[in-house]
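Asks: 3D model of this:
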Amino acid sequence: MALAALSRRADWCWRLMGTGLGFLFFGLGGVLLRVLVFPMQRMLAGGHARSRLRARATVSASFRFFINGLSFLRVLRCEVVGAERLGQSGQLILANHPSLLDVVIVLAQPTMRHCGCIVKQGLWRNPMTRGPVQAAGYIPNDDGLAVLEQSVAELQAGHSLLIFPEGTRTTPGQMPVFHRGACSIALRGARVLTPVRISVVPSSLSKNQPWYRIPAQRIVFRVEVGEDIDPQQWLNASPMPLATRRLNEHLHQLFSRQN
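Replies: Reported below is the predicted structural model:
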C-alpha cells in the first residue's frame with residue numbers, strides 16, 4: 001500500500017516537472033520563432049500572403065512538437081477523431097474552450113497547417129506569443145466590427161478559420177455560452193461550419209486554474225470533429241438577425257447533447 005502511494009506521488013511529481021518544462025520551452029520557442037525563424041521566412045520569395053502561410057505551417061508544426069513532447073513526458077494524452085475533415089476551404093471551425101491548450105491541440109493537427117485563428121488581444125502584447133500570432137496573421141479579438149470584417153475576408157479568400165466563440169475558457173462544470181459573433185461570421189462568409197467538441201478528463205488548465213495545480217492522474221484530451229453544417233440553409237429560411245440567433249441556439253443544443 002505504501003509502495004503504491006509512493007509510486008503515485010512520484011508520478012505526480014514527474015508530471016508536475018514535465019508540465020513546468022513544457023511551458024518553459026513553449027515560451028522560449030515563441031521567442032526563438034520571433035527572433036530567428038520568421039525573419040528568415042519573410043526573406044523568401046512569395047510576398048506577404050505566402051509568408052503568412054509559411055508562418056502558420058511553422059506554428060502548427062511547433063504546436064505538434066510541443067504536444068508530442070508533453071505526451072512523451074506522460075503529462076497528457078490526446079485523442080482526436082475526425083481531424084481529416086478540418087482545414088477545408090472557407091471552413092469556419094467552431095470549438096468549445098475548456099482548457100488553456102485547446103488552440104494548441106487543434107492547430108497542431110496536420111490538416112490545420114494553414115488555418116487562421118481569432119486570438120485574444122493579450123497574445124499580441126505578450127513577448128512570448130506576439131511573434132507567432134503576428135507572423136501567422138491571426139486576428140485579435142479587440143474590435144467587434146474589425147474582427148467580423150477580417151474573419152469574413154479570410155473565409156472568402158478560401159482559408160479555414162478557428163474560433164472559440166465563448167471568448168474565454170469555460171468555467172468547469174458549466175455549459176459553454178457562445179457569443180453570436182461567430183454565427184454572424186459563418187452566415188456572412190463561411191462555405192461550411194464545423195463544430196468541434198473538446199473534453200478534458202480530469203479537468204485541468206481551466207479558467208482560474210494555475211498550470212501547477214495538476215490532477216492526480218494523467219490528463220486526457222479528446223477532440224471530436226462534428227458533422228459539417230451548411231450556413232446557407234439558415235439564411236434561406238430567415239433574415240440575417242434571426243438566422244444568427246437560431247444558428248447560435250442550434251449550436252448550444254448540439255454541444256449540450258454532446259456533453
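Asks: Can you show me the helices along the chain?
Replies: 2-32, 38-42, 47-72, 102-107, 122-125, 130-135, 144-156, 181-189, 232-237, 240-258 (DSSP state H).
Asks: closest to R218 out of those?
Replies: Nearest to R218, of all those, is helix 2-32, at 6.8 Å by C-beta to C-beta. No exception for glycine: its C-beta is placed from N, CA and C like everyone else's.
Asks: Now for this protein: which strand has the highest residue count?
Replies: strand 192-201 (DSSP state E).
Asks: which parts of it are buried?
Replies: Within strand 192-201, the residues that count as buried by 16 or more other C-beta atoms under 10 Å are 192-200.
Asks: Repeat that for stretch 125-144.
Replies: 128-141.
Asks: now swap in stretch 8-16 and tell me
Replies: R15.
Asks: just stretch 68-80 next, same as before
Replies: 70, 75-76, 78, 80.
Asks: end to end, how far does it reach?
Replies: 13 Å (C-alpha to C-alpha, to the nearest Å).
Asks: Need the contact partners of it.
Replies: The contact list for stretch 68-80, computed with C-beta atoms under 8 Å, 6 or more residues apart in numbering, reads 11, 14-15, 18-19, 21-22, 25, 67, 101, 105, 109, 214, 218-223, 225.
Asks: Could you rerun that using 6 Å?
Replies: Under the contact criterion C-beta atoms under 6 Å, 6 or more residues apart in numbering, stretch 68-80 has outside partners 15, 18-19, 22, 218-223.
Asks: now do stretch 14-34
Replies: For stretch 14-34, using C-beta under 6 Å, 6+ apart, the contacting residues are 62, 66, 70, 73, 75, 128-129, 131-132, 211, 214.
Asks: The same query, at a cut-off of 8 Å, please.
Replies: Counting by C-beta under 8 Å, 6+ apart, 58-59, 62, 66, 69-70, 73-75, 127-132, 135, 211-212, 214, 218 sit against stretch 14-34.
Asks: With just CA atoms, put it into PDB.
Replies: Provided in PDB are the C-alpha atoms of stretch 14-34 (Å, rounded to 0.1, in the frame of the first residue of the first chain):
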ATOM      1  CA  TRP A  14       7.200  13.800 -12.700                       C
ATOM      2  CA  ARG A  15       4.100  15.200 -14.400                       C
ATOM      3  CA  LEU A  16       4.400  18.500 -12.500                       C
ATOM      4  CA  MET A  17       8.100  18.800 -13.600                       C
ATOM      5  CA  GLY A  18       7.100  17.900 -17.200                       C
ATOM      6  CA  THR A  19       4.300  20.500 -17.200                       C
ATOM      7  CA  GLY A  20       6.700  23.200 -16.000                       C
ATOM      8  CA  LEU A  21       9.300  22.200 -18.500                       C
ATOM      9  CA  GLY A  22       6.700  22.200 -21.300                       C
ATOM     10  CA  PHE A  23       5.500  25.700 -20.600                       C
ATOM     11  CA  LEU A  24       9.100  26.900 -20.200                       C
ATOM     12  CA  PHE A  25      10.000  25.600 -23.700                       C
ATOM     13  CA  PHE A  26       6.700  26.800 -25.100                       C
ATOM     14  CA  GLY A  27       7.700  30.400 -24.100                       C
ATOM     15  CA  LEU A  28      11.300  30.100 -25.300                       C
ATOM     16  CA  GLY A  29      10.100  28.600 -28.500                       C
ATOM     17  CA  GLY A  30       7.800  31.500 -29.200                       C
ATOM     18  CA  VAL A  31      10.700  33.900 -28.700                       C
ATOM     19  CA  LEU A  32      13.100  31.900 -31.000                       C
ATOM     20  CA  LEU A  33      10.400  31.800 -33.700                       C
ATOM     21  CA  ARG A  34      10.000  35.600 -33.500                       C
END
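Asks: Tell me the buried residues in it?
Replies: 15, 18-19, 22-23, 26, 29-30, 33-34.
Asks: surely V152 meets G189?
Replies: Yes. Counting by C-beta atoms under 8 Å, V152 touches G189, with 3.5 Å between them.
Asks: returning to what we had before: can you put the contacts of stretch 68-80 in CSV and add pLDDT?
Replies: Shown next, in CSV, are these (pLDDT from 0 to 100):
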residue, pLDDT
R15, 93
G18, 93
T19, 93
G22, 93
R218, 93
I219, 95
V220, 96
F221, 96
R222, 96
V223, 97
